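Asks: Provided below for reference: sequence and predicted model.
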Amino acid sequence: MVRTVVFDVGETLIDESRIWLRWAERLGVPPLTFLGLLGGCAALDLPHRDAFEMVRPGLDFEAEIARWAQDDPDGLRNGFDADDLYPDVRPALRALREAGFDVVIAGNQPPEARAALEAMSLPASAIRTSDEWGVQKPEPGFFAKVAALSGVEPEEIAYVGDRLDNDVLPAADAGMRPILLRRGPWGYLHALRPEAARATVIDSLTELPGVLAG
């Protein structure tokens, strides 16, 4: 029986549209071009960083982020705030807590993402990022950290994410219940793949209390 529900961040809780549009402007390419390249990366199982390389060959990603911070120190830049939350997040997390589930947030994010999420006062008992753990999905060590943080056995954890490669398959391999959210380019594409049969596929986070109770 599932006791803890753990959530990925990007395109699970956070709508990344504004982030990608700000990147398109920063890189000097039309929004449709950059978004199309990201979709191509999702379809071809390429890292999303490849989209940056396509439009700016040789780009030093970390150096560009540092320059951006100097150019726009008070802007969101590569970050997010409460305005980027998908509308089903708060009601879904609240319903899970009311149903007796513990709620945890843990995803591949830079350290500053934790502060951004904590500022939203979400009904979660813990928030962690890959950077502070020093290990990223899909590495087994990340899911071992998730289990240790949750304080329950892996089979008592549901991991919710929008990707088969980063979320669903490694969570299943770790003994957790995988939930694939059909949202964002990876979510829609991955839901069509045969491997999605290993997961419960949902279209909204508000489906979770009923799915997990069943």
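Replies: Arrived safely.
Asks: Go through the protein and flag its longest helix.
Replies: Counting by DSSP state H, the longest helix found in the chain is helix 31-44.
Asks: helix or strand right after that helix?
Replies: Per DSSP states H and E, the first helix or strand lying C-terminal to helix 31-44 is helix 49-55.
Asks: Give the buried residues for the following helix or strand past that following helix.
Replies: Sequence order places helix 61-71 as the next helix or strand after helix 49-55, per DSSP H and E. In terms of neighbour count (16 or more other Cβ atoms under 10 Å), helix 61-71 has its buried residues at E64, W68. Bear in mind the C-beta positions are built from the backbone N, C-alpha and C, glycine included.
Asks: Contacts for helix 61-71, please.
Replies: By Cβ atoms under 8 Å, 6 or more residues apart in numbering, the surrounding residues in contact with helix 61-71 are R26, R49, F52, R77, N78.
Asks: which of these are buried?
Replies: Using 16+ other Cβ under 10 Å, the buried members of the contacts of helix 61-71 are R26, F52, N78.
Asks: and which of these is nearest to R114?
Replies: The closest of the buried ones among the contacts of helix 61-71 to R114 turns out to be N78 (Cβ to Cβ; 14.7 Å).
Asks: if I look at the nearest residue to the closest one once chain neighbours are set aside, how far off is T33?
Replies: Leaving aside its chain neighbours, N78 sits nearest to I65 (5.8 Å; criterion: Cβ to Cβ, 6 or more residues apart in numbering). Note on I65: its distance to T33, by Cβ to Cβ, to the nearest Å, is 21 Å.
Asks: Now do stretch 135-148, average pLDDT.
Replies: Mean pLDDT, taken over the full extent of stretch 135-148, equals 96.
Asks: now swap in stretch 68-84 and tell me
Replies: Stretch 68-84 shows a mean pLDDT of 94.
Asks: Tell me who's in contact with A213.
Replies: With Cβ under 8 Å, 6+ apart, A213 has these contacts: A99.
Asks: Kindly provide the distance from it to P110.
Replies: Here the criterion is Cβ to Cβ. By it, A213 lies 35 Å from P110.
Asks: and if you look at W133?
Replies: 12 Å.
Asks: Show me where this protein has its helices.
Replies: Using DSSP H, helices in the chain cover 17-27, 31-44, 49-55, 61-71, 89-98, 112-118, 130-133, 140-150, 169-173, 184-190, 208-213.
Asks: what's the angle from the fourth one to helix 17-27?
Replies: In this structure, helix 61-71 runs at an angle of 90 degrees to helix 17-27, with axes from the mean of the first three to the mean of the last three Cα atoms, to 10 degrees as the basis.
Asks: could I get helix 61-71 in CSV with only the CA atoms?
Replies: Below are the C-alpha coordinates for helix 61-71, written out as CSV (Å, rounded to 0.1, in the frame of the first residue of the first chain):
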residue,chain,number,x,y,z
PHE,A,61,25.7,26.6,-20.4
GLU,A,62,26.9,27.3,-16.9
ALA,A,63,28.8,30.4,-18.1
GLU,A,64,25.8,31.7,-19.9
ILE,A,65,23.7,31.3,-16.7
ALA,A,66,26.3,33.3,-14.8
ARG,A,67,26.3,36.0,-17.4
TRP,A,68,22.5,36.1,-17.4
ALA,A,69,22.6,36.6,-13.6
GLN,A,70,24.9,39.6,-14.0
ASP,A,71,22.7,41.0,-16.8
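Asks: That'll do, ta.
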